[in-house]
Structures are given as structure tokens and as C-alpha cells.
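Asks: got a predicted structure plus its sequence, pasted below:
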Amino acid sequence: MRSILASSLLVSLLVSPSAFAAPVAKVTNGNNDGAGSLRAALAGGATKIIINPSVSTIVVTETLEYTGTAPLSISGTGQTIDGSGLTDNSAPIFEVTDGADLSISKVTFDAGGGNASGPYSRENQGGGKGIFVDVPFDRTGVVSVELTNVTVMGTGNHGVHVSDCTLGDDCGGGSGGGGNGSTASIEVRLVDVVIIDNGNGKQDADGFRVDDRGDGSITFFATNSAFIDNGADGIELDEGNNGDVVFHVSNTIFDFNGEYCLIGDFVPGDDCDDDGDPDVDDAFDVDEAGDGSVIGRVVGLTVINNFDEGLDFDEEGVGGFDLDVVNLYAENNADESVKASEEDDGNTVVRLRNVTTDGDLEFEEEGVGIVDVAINGSYIGDDMKLAAENAGPDTTGGFYKARGTTVVDDLDIEGNIDIL
């Protein structure tokens, strides 16, 4: 009888939820280090960290690091992590070093313009990142990043960077970026997130950037968020190998992104050069360079005052596009309001509804495949451009269907695309 009771007790301990409870730590002060600090909680093995409401600002002078592999959550109540005094201006405020899953809520990461000429300096040369998640080459499964009620501001480099690339910041964009990565996929979820005034100290530094150079995919979800005044792209999702890019972005604003190259004097031939023109960037940029598709839905976006394209989607490998664009307002963007370009074999399928823009829309298929665009209830203040470059006069290159839609300038068609 005693052995039965002992066995039952052992089983109950093994299956008890408390036996698997994550180590919890409370942050009770805003010090850079020492007992009760956020740094001490991260170093002490806690995977669930709660910042006491009595703490208003956490001032750090060195990068906060989480070196564990277990999922980490940090919960605040509106605190600011102030990284303006980092002794290494190029370092991130917070770094996950080994690809652990990350969840943060109700915290602001403020780089304050680094050690440049003042808060939110537009010349934050050498400034670091706000949040950096580094994915190791041997990572498998899914790397998850979830931010809720989080603001990241004032960085010279990327505001948030999730990097599955062996070359780090030298990874570059698209298929020409080189590097390699793990087999893991990356999933990002943003709710009520503000990414503002980042990347104004380094060329091609985005508000929120995901690099995946392995065979995994990128899944990106954002709602009720804002990407404002970032030096390069507001969002860049860069899948440089095999794998899909899947996204759903809703009720979100993109405003005044991509101008960093225009700050100061533009000298052709320097890092700002794009074939003799300033190398400005987009509101929302997706690049899929290996085999894989881009599957996305955007709903209720405001895309204004960006210095290159508004929504700029490129697919370079075997794959295609399956896109829904609903309730989009796009105005005063320097290039196309929406562009989707497929360079290899695959179809470009786009459905648009209630789009209002003063700019162009452009959809093209350069490889073997069709362009299938349907638009309803929209106002296009410039051109509608459709191209099926491999479709000769005897080959169907696709279809264009418009209902209740005004195209102010030209319907510009290349290739044999049927108007239905």
C-alpha cells in the first residue's frame, strides 16, 4: 500500500503543472545591474520576467542579453528601457543570443539617438538596434517573436532585427545577399506596436527586419501598429533561400519611411548610391529569393509619404504571388503604391478591393506563368501596369478584371492579357 501511494505521489509530481512552471523573476528597480535589476533577472535563469509597476525607467549602459534557449517573456506596465547611454553606441539595447522564442509586452525601447547630437537624431551614425534576435545555424523548428504594446524608437540601426543569417548585418537583401541560415522558420506577431524613428544612422537599416537565409519560411502578423519615420523600410521581410513568406497586416500605418539616404548631401558613389540616384526605401518590402511563394493579405492600411514604393513585393525563385489588398489608402509615395514582381516560374494573382491611391499599381510576371488581377470599388490616380513578359500574341498571359474602378491615367498592358 505504501509503495502504491509513493508511486501515485511521484506520478502526480511528474504531471503537476507547477513542476514545469517557468522560473519567474521580478524587476524591482531601474538600475543597470545588481539585485532587482532586469539584467540580474536575465542572468539568473528566469524565463518569465515581470517589471514592477513602481519601476518607470530602466537605464542601461551595456546590452541586455538573454543567452538561454527556453522561451522568454518580459511583461511590463509601460516602462521605458533607456539605451541612450550605452557605452558601445553600435550595440543593441536588448539581444537574444541563441534564437530563443521571445514575448514582450508593454515596454518601450528608446535608443535616444545614441551618442549623437541629441534625442532621435537623424544622424545617429553607428547607432545600434533596439531588439536583436540572433538565430544560430543549428536552430530547428520555429523561432517565435511576439510583441504587444511595444514601442521601439531612436535607433541608428534596425529598430527590431530577427536574423537567421550567418553574415549578420552583412547579409544584404534578396538572392545577392549571400550567407546561410538554419532550417528553422520564423514567426512574428505584432499587436499595438510602434516602430518610429529608427535606422537613421546606417544605410539600409529598417524599422523591423526579418532575415531568413535557410530553408525555413517567414510568417508575419501585425495589427493596430505604426511604422513611422524609419530610415530604410518600415518593414522588410527577406527570405533569401527556399521557403514561403506569409503575412497578414491590418489596421496599420506606414508614414515617412525610407528617406535616410536623402539626409545631408547625396554624393553618387557612396553608400547612398543606387545607380546614380539616392538609395531610398519603401514602406513595406518583401523579398523572396529562393523557391517559394509570397502569400499575403493587407487590410485597412494607410501608406503615405514614403520615399520609394508603398508596398513592394518581389519573388525571384520558382513560386508566385497570392495577394489580397483590401481597404488601402496610399498617397504621396515616391514610386508605385503597390508593386508585385515575379521573376521566375509562377503566377501573380492579386485581388484588390476599396483601394484609393494617387499613384501607380504594377503587377508583372517575368517567367512562365500568368498575371491574374481583379480590382473592385477602387480609385487609381495614376497608371495600372500589367506585364506578362513571356506571353506572346498566341499565348495567354493572364486576365484583368475591373468593376466599379477608376483608373485616371493609362491601363498599361504588356503581353497578351485578356480584359474581362
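Replies: Perfect, I can see it now.
Asks: CA atoms for contacts and neighbours, from now on please.
Replies: Noted.
Asks: can you pull the phi/psi pair for residue 48?
Replies: phi -130, psi 110 (degrees, to the nearest 10).
Asks: please apply the same query to residue 261.
Replies: Dihedral pair for residue 261: phi -60, psi -20, per degrees, to the nearest 10.
Asks: and the gap between it and residue 143?
Replies: Between residue 261 and residue 143 the distance is 32 Å, computed by CA to CA, to the nearest Å.
Asks: of those two, which one has the most company?
Replies: residue 261 (26 against 21; other CA atoms under 10 Å).
Asks: how about the more buried one, what does it touch?
Replies: 203, 231, 272, 278-280 (CA atoms under 8 Å, 6 or more residues apart in numbering).
Asks: now with 10 Å?
Replies: By CA atoms under 10 Å, 6 or more residues apart in numbering, the contact set of residue 261 is 200-204, 231-232, 267, 271-274, 277-281, 307.
Asks: next one: residue 236
Replies: 161, 173, 204-211, 281-287, 312-313.
Asks: and the next helix or strand past the host helix or strand of it?
Replies: Element membership of residue 236 [criterion: DSSP states H and E] is strand 235-239. As assigned by DSSP H and E, the chain's next helix or strand after strand 235-239 is strand 245-250.
Asks: chain center to the following helix or strand past that next one: distance?
Replies: Under the assignment DSSP H and E, the closest C-terminal helix or strand after strand 245-250 is strand 253-255. The chain centre lies 13 Å from the centre of strand 253-255; the measure is CA atoms, centre = their mean, to the nearest Å.
Asks: which secondary structure elements does strand 253-255 sit against?
Replies: strand 194-196, strand 226-228, strand 302-304, strand 321-331 (3 or more CA pairs under 10 Å, 6 or more residues apart in numbering; DSSP states H and E).
Asks: so after it, what's the next helix or strand?
Replies: Taking DSSP H and E, what comes next after strand 253-255 is strand 273-274.
Asks: mind listing what the next helix or strand after that following strand pairs with, with the direction of each?
Replies: Helices and strands here follow DSSP H and E; after strand 273-274, the next one along the chain is strand 277-278. Pairing partners of strand 277-278, with direction, according to DSSP bridges: strand 273-274 (antiparallel).
Asks: thinking again about what came up before, how far off centre is the strand holding residue 236?
Replies: Per CA atoms, centre = their mean, the displacement of strand 235-239 from the mean C-alpha position of its chain is 6 Å.
Asks: please apply the same query to stretch 194-212.
Replies: The answer for stretch 194-212 is 9 Å, by CA atoms, centre = their mean.
Asks: extract the CA atoms of it and return them as CSV.
Replies: The C-alpha coordinates for stretch 194-212 follow below in CSV (Å, rounded to 0.1, in the frame of the first residue of the first chain):
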residue,chain,number,x,y,z
VAL,A,194,5.0,51.4,-32.7
ILE,A,195,8.3,51.4,-34.6
ILE,A,196,9.3,55.0,-35.0
ASP,A,197,12.5,57.0,-35.9
ASN,A,198,14.8,54.0,-36.3
GLY,A,199,17.6,53.3,-38.9
ASN,A,200,18.6,57.0,-39.3
GLY,A,201,22.3,56.3,-38.8
LYS,A,202,23.2,53.4,-41.2
GLN,A,203,22.3,52.7,-44.8
ASP,A,204,19.6,50.1,-45.3
ALA,A,205,18.6,50.0,-41.7
ASP,A,206,14.9,49.2,-41.3
GLY,A,207,12.2,49.7,-38.7
PHE,A,208,11.5,46.0,-38.5
ARG,A,209,13.6,43.5,-40.4
VAL,A,210,13.5,39.7,-40.7
ASP,A,211,16.3,37.8,-42.5
ASP,A,212,16.0,34.1,-43.2
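Asks: could you list the buried residues of that stretch?
Replies: 194-212 (16 or more other CA atoms under 10 Å).
Asks: again with stretch 65-81
Replies: Buried residues in stretch 65-81, counting neighbours by 16+ other CA under 10 Å, are found at 65-66, 68, 70-81.
Asks: next one: stretch 50-60
Replies: Applying 16+ other CA under 10 Å to stretch 50-60 flags 50-52, 55-60 as buried.
Asks: okay, and the beta partners of residue 58?
Replies: residue 81.
Asks: now do the contacts for it.
Replies: Contacts of residue 58 (CA under 10 Å, 6+ apart): 27, 29-33, 37-39, 51, 79-83, 109.
Asks: do residue 78 as well
Replies: Residue 78 sits in contact with 51, 53, 55-57, 105-108, 149-151, where contact means CA under 10 Å, 6+ apart.
Asks: now the residues you listed as JSON lines including secondary structure and pLDDT?
Replies: Below are the contacts of residue 78 laid out as JSON lines (DSSP: H, G, I helix; E, B strand; the rest coil; pLDDT from 0 to 100):
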{"residue": "51", "secondary structure": "strand", "pLDDT": "98"}
{"residue": "53", "secondary structure": "coil", "pLDDT": "98"}
{"residue": "55", "secondary structure": "coil", "pLDDT": "98"}
{"residue": "56", "secondary structure": "coil", "pLDDT": "97"}
{"residue": "57", "secondary structure": "strand", "pLDDT": "98"}
{"residue": "105", "secondary structure": "strand", "pLDDT": "98"}
{"residue": "106", "secondary structure": "strand", "pLDDT": "98"}
{"residue": "107", "secondary structure": "strand", "pLDDT": "98"}
{"residue": "108", "secondary structure": "strand", "pLDDT": "98"}
{"residue": "149", "secondary structure": "strand", "pLDDT": "98"}
{"residue": "150", "secondary structure": "strand", "pLDDT": "98"}
{"residue": "151", "secondary structure": "strand", "pLDDT": "97"}
